[in-house]
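Undergrad: here is the input, now give the coordinates:
(4 chains)
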2 protein chains.
Amino acid sequence: MPLAKLLPLTDVSSCSIEMTRDPITADAAEQLARTLKAIADPARLRLLSMIAASTSSEVCNCDLTEPLGLSQPTVSHHLKVLVDAGLLTRDKRGLWAYYSLVPGALDSVARSLTSV
Amino acid sequence: MPLAKLLPLTDVSSCSIEMTRDPITADAAEQLARTLKAIADPARLRLLSMIAASTSSEVCNCDLTEPLGLSQPTVSHHLKVLVDAGLLTRDKRGLWAYYSLVPGALDSVARSLTSV
DNA sequence: CCACTGTATTGATGACTGTCAATCTATAGG
DNA sequence: CCTATAGATTGACAGTCATCAATACAGTGG
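TA: The predicted structure follows:
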């Protein structure tokens, strides 16, 4: 029998364990998981990395398709997932679409992870 | 036409964009994505959080099932995913299984994210 | 040896996801 | 206008995943 059940110091009725602080809420977990799911894909990680590593802060879709080895619709799909997750912004000028990182977005996710 | 294609400063043959540094490799992306996929689930985030927030560094499976509102096999499955990903360790003593965080594992993932 | 209990595994099922071919949309240039 | 082109959308398909009921497994205690 776990220690917490033998010595329920704070809450006798529940069988929950002793906490130094409150764990993440179900809603917060849902939200963070949604963002992480957007990042947790090899193609999308490479897209983020390529955009982050480019000299210009903006990268055109056409520059991303070939190095990834994926079809144009697939890259377009992945970019949309990243935009919807708030990690990228899209700026369409003329025929081309330029993508850039949302400043601080990735760092914010990383911080959420360390404090989980 | 994107600027990089008009002024291919380093590599005329390829149509890749200019980079300040090399983007993540395909293999590294695959590896990081695997770990992130293990984290990118509401139930698993809550498990990590509950274990991290507990006073004792170890948490017993039986303490995790009820607050999550999931069946015992499902919780066991999620814990296995986290162990397999190198984020948790399992220590089975007698009938009970005690889980604890692998020190620095989550921080390491967070650092990988900020430098993507 | 036997019943009980906490945990892990298996099998099934419904939902979601990554991918591409085909198509659509919008813009540039003659 | 008409054509060509970059990008987005749609539809289909195969693969993965989260979940639970049922079962198996491994200790514990009579």
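Undergrad: all helices for chain A, in order.
TA: A:3-6, A:26-39, A:42-53, A:61-68, A:72-84, A:105-114 (DSSP state H).
Undergrad: for B:Asp41, find the nearest of the ones you listed.
TA: Between B:Asp41 and the helices of chain A, the shortest separation by CB to CB is 5.5 Å, and it involves helix A:26-39. Quick note: C-beta positions are derived from backbone N, CA and C, even for glycine.
Undergrad: packing partners for the closest one?
TA: The helices and strands touching helix A:26-39, judged by 3 or more CB pairs under 8 Å, 6 or more residues apart in numbering or on different chains; DSSP states H and E, are helix A:42-53, helix A:72-84, helix A:105-114, helix B:26-39, helix B:42-53.
Undergrad: of those, which is nearest DNA strand D?
TA: Across the helices and strands packed on helix A:26-39, DNA strand D has its closest neighbour in helix A:72-84 (2.9 Å, CB to the nearest atom of the strand).
Undergrad: where does A:Asp91 land on pLDDT?
TA: Residue-level confidence at A:Asp91 comes out at 94, pLDDT.
Undergrad: over to A:Met1?
TA: Per-residue pLDDT puts A:Met1 at 40.
Undergrad: cool, and A:Ala28?
TA: A:Ala28 is assigned 96 on the pLDDT scale.
Undergrad: look at it and say how many residues are nearby.
TA: 16 (other CB atoms under 10 Å in any protein chain shown).
Undergrad: can you list the weak-confidence ranges in chain A?
TA: A:1-18 (pLDDT under 70).
Undergrad: let's see 50
TA: Across chain A, the ranges flagged by pLDDT under 50 are A:1-16.
Undergrad: related to what we said a few turns ago, now the helices and strands packed on helix A:26-39 as a markdown table including distance to DNA strand C?
TA: Below are these laid out as a markdown table (distance: least, CB to the nearest atom of the strand, whole Å):
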| stretch | distance to DNA strand C |
| --- | --- |
| helix A:42-53 | 4 |
| helix A:72-84 | 3 |
| helix A:105-114 | 16 |
| helix B:26-39 | 9 |
| helix B:42-53 | 11 |
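Undergrad: so which of the ones you listed is nearest B:Gly86?
TA: That would be helix B:26-39 among the helices and strands packed on helix A:26-39, by CB to CB, at 7.4 Å.
Undergrad: in that closest one, what counts as buried?
TA: Buried residues in helix B:26-39, counted by 16 or more other CB atoms under 10 Å in any protein chain shown: B:Ala28, B:Ala29, B:Leu32, B:Ala33, B:Thr35, B:Leu36, B:Lys37, B:Ala38, B:Ile39.
Undergrad: A:Leu88 contacts A:Tyr99, correct?
TA: Yes. Here A:Leu88 reaches A:Tyr99: they are 5.1 Å apart, a contact under CB atoms under 8 Å.
Undergrad: great, nothing more from me.
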